[in-house]
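# I need the structure of the sequence given here:
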Amino acid sequence: MQKTAREMLDSPEFKRLVRNKWVVSTILTLCLFVLYYGFILLIAYAKPWMGQKVGEATTLGIPIGVGVIIIAWILTFIYVAWANRSHDAEAGKLRGNVKH
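Below is the predicted model:
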């Protein structure tokens with residue numbers, strides 16, 4: 001059944017779609033926040049530990065920093081995969097039900 005734009009915005013399906021996007025976005029944002037600020041706190045409060053040599057010229061902070069960047073990419077990939085698989089398909093179905 002075709003719905004007007006206002007009816008679609010007020011529908012439980014649309015509200016569920018928006019809620020799911022906020023839940024996924026919030027969880028991934030919190031993960032990224034903890035990751036980045038955790039790294040900054042390690043730099044600030046665990047300098048001797050982060051400064052330990054793990055090679056001839058590399059300290060422990062370098063591989064941890066690289067890990068932070070890689071995990072940030074992974075979190076981005078998780079969001080994109082979720083959006084492509086679930087969110088965009090559901091949004092497309094709802095978009096198809098709106099009167100033009």
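
# Distance of residue 70 relative to residue 76?
When distance is defined by Cβ to Cβ, to the nearest Å, residue 70 is 11 Å away from residue 76. Every C-beta, even on glycine, is put in place using the N, C-alpha and C of the backbone.

# same check, this time on residue 4
Spatial separation of residue 4 from residue 76 under the definition Cβ to Cβ is 36 Å.

# How about residue 42?
Taking Cβ to Cβ, one finds residue 42 at 22 Å from residue 76.

# These two: who's more crowded?
residue 42 (17 against 12; other Cβ atoms under 10 Å).

# Secondary structure element holding that one?
Counting by DSSP states H and E, the element that carries residue 42 is helix 12-45.

# list the buried ones in the helix or strand just after that helix?
Next helix or strand after helix 12-45 toward the C-terminus (DSSP H and E): helix 47-50. Within helix 47-50, the residues scored as buried using 16 or more other Cβ atoms under 10 Å are residue 50.

# Show me how far helix 47-50 is from its chain's centre.
Once both centres are worked out by Cα atoms, centre = their mean, to the nearest Å, helix 47-50 turns out to sit 29 Å from its chain's centre.
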